[in-house]
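>>> Fold the following.
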Amino acid sequence: MYSTSCSFFCEIALGYNVDDKRIERFLDTKEREVIALFSRQVGKTHGAAGKVVHKALFKKGSLSLIVSATQRQAGILQRRALMNMRKLDKGGEWREVPGKSAEIPEDIGGKLVRCSSLSLELENGSEIISVPASADTVRGYAPDLVIIDEAAYTPDDVYFAVRPMMIRTKGQLCLMSSAGAMQGFFYDAWTKDAGWEKLEIRADQCAWITADELQRERDRLPEKVFQLEY
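Residues are numbered from 1 along each chain as shown. From the prediction side, this is the model:
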């Protein structure tokens, strides 16, 4: 029987490498509130794009809302989600994962019926919408999944506008970011608030970032900047 776990879907349908258990956990967790403190270039955008596509496909009529610091960043993540959808359109066959079995669903409503630079809609009624981080632009939605990208650099009033959206849908709120200033909602959630599922990946824990590369970055950057980014 086909498993609808997000990590399994991303692995067999999208070709993701989810060997890191923290990435797997980020994709699969059902906790209502998740905070991911990930270094630069460890796969935040990649993971978020897989998560929203999985939600759209397997929960018909769902809304996934991506909130990014700027419109440009919102467009980047939205394009990554669209690329994932196009992989499904062209793939035909899902690749086999050793030690696991999968049955391809006959219809998971994966056909695109509307697409723009910041939104897409599937034939099953699901939508993925990306918006820049403004307290005004994020209002009016009732999402099943919200991802705040680079949350450490997102204004507090955006976070305060997002939280009430979830009270009815009982959706999942994911805060994703590299480290930022020691203030604001992301810092408070990471250091003080109970009830969040907290996931952390430093650059020196990432398989595709070498020690030599990190040392070169440390040599080129102020130490404070290096600590924030990696």
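>>> counting contacts, what elements does the helix ranked longest in the chain pack onto?
Using DSSP state H, we find that the single longest helix of the chain is helix 71-91. The elements that helix 71-91 packs onto, with contact taken as 3 or more C-beta pairs under 8 Å, 6 or more residues apart in numbering; DSSP states H and E, are helix 6-14, helix 44-58, strand 63-68, strand 112-115, strand 119-122, strand 127-132. (Glycine included, C-beta is placed from N, CA and C.)
>>> ok, now how distant is residue 29 from residue 5?
11 Å (C-beta to C-beta, to the nearest Å).
>>> out of the helices and strands packed on helix 71-91, deepest packed?
Among these, the stretch with the highest mean neighbour count (mean count of other C-beta atoms under 10 Å) is strand 63-68, at a mean of 26.
>>> tell me what it is packed against?
On a contact count with 3+ C-beta pairs under 8 Å, 6+ apart, strand 63-68 meets helix 44-58, helix 71-91, strand 127-132, strand 145-148.
>>> Secondary structure element holding residue 195?
Remark: residue 195 resides in no helix or strand, with elements defined by DSSP states H and E.
>>> quick one: contacts for it?
Contacts for residue 195 (C-beta atoms under 8 Å, 6 or more residues apart in numbering) come out as residue 33.
>>> mind checking how far it is from residue 22?
19 Å.
>>> Local confidence estimate at the residue nearest the centre of the chain?
For the chain, residue 48 is the residue whose C-alpha lies nearest the centre (C-alpha atoms, centre = their mean; 1.8 Å). For residue 48, the pLDDT comes out at 91.
>>> And for residue 205?
Taking residue 205 on its own, its pLDDT is 61.
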